[in-house]
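Trainee: give the three-dimensional model of this entry:
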Amino acid sequence: MHIEELAAQLGKAIKEDPRIKELNAARDAYEASEELRTLMTEYEVNQKAIEFEAGKPDNEELVKKVQARLDELYDQIMEHPVFVRLGQAQDEVNSFMEAVNNIITFNITGELPSSCTHDCSTCGGSCGHNH
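Mentor: Next comes the predicted model:
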């Protein structure tokens, strides 16, 4: 069997994994959420308003109000169940794909890649990441 055929089989198997299916379902829910889309649109509009008004004389109070609304919107978006679900699903898929890649790398090199998270608490500092 050729490597390309094996890769195609692996891809099909990965596609059927429940973590991938959950990511797809979470992405569909995200795209279908009118409420979340409204929040994100309002966030973008307020962000542009702050960029436009910042630095203008006598706009300090307006900028503070817009920033307060931006902060509220940000929290609402980050805490929205659809957004949370998508983030969790993406994290699960990222971990899954990293594990798959580590297995492939191990089978090629005989060594597991370091799993540095850039805080180096998971690898004991042996990842070579510059602190």
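Trainee: separation between residue 90 and residue 65?
Mentor: Remark: distance between residue 90 and residue 65 (C-beta to C-beta, to the nearest Å) = 33 Å. All C-beta atoms are positioned from the backbone trio N, CA, C, and that covers glycine.
Trainee: next structured bit after whichever strand or helix holds residue 30?
Mentor: Per DSSP states H and E, residue 30 falls inside helix 18-32. Once the chain leaves helix 18-32, the next helix or strand it forms, by DSSP H and E, is helix 34-53.
Trainee: which other helices and strands contact that next one?
Mentor: Applying 3 or more C-beta pairs under 8 Å, 6 or more residues apart in numbering; DSSP states H and E, we find helix 34-53 packed against helix 60-79, helix 81-109.
Trainee: residues near residue 66, how many?
Mentor: Around residue 66 there are 21 other residues, counting by other C-beta atoms under 10 Å.
Trainee: alright, I will stop here.
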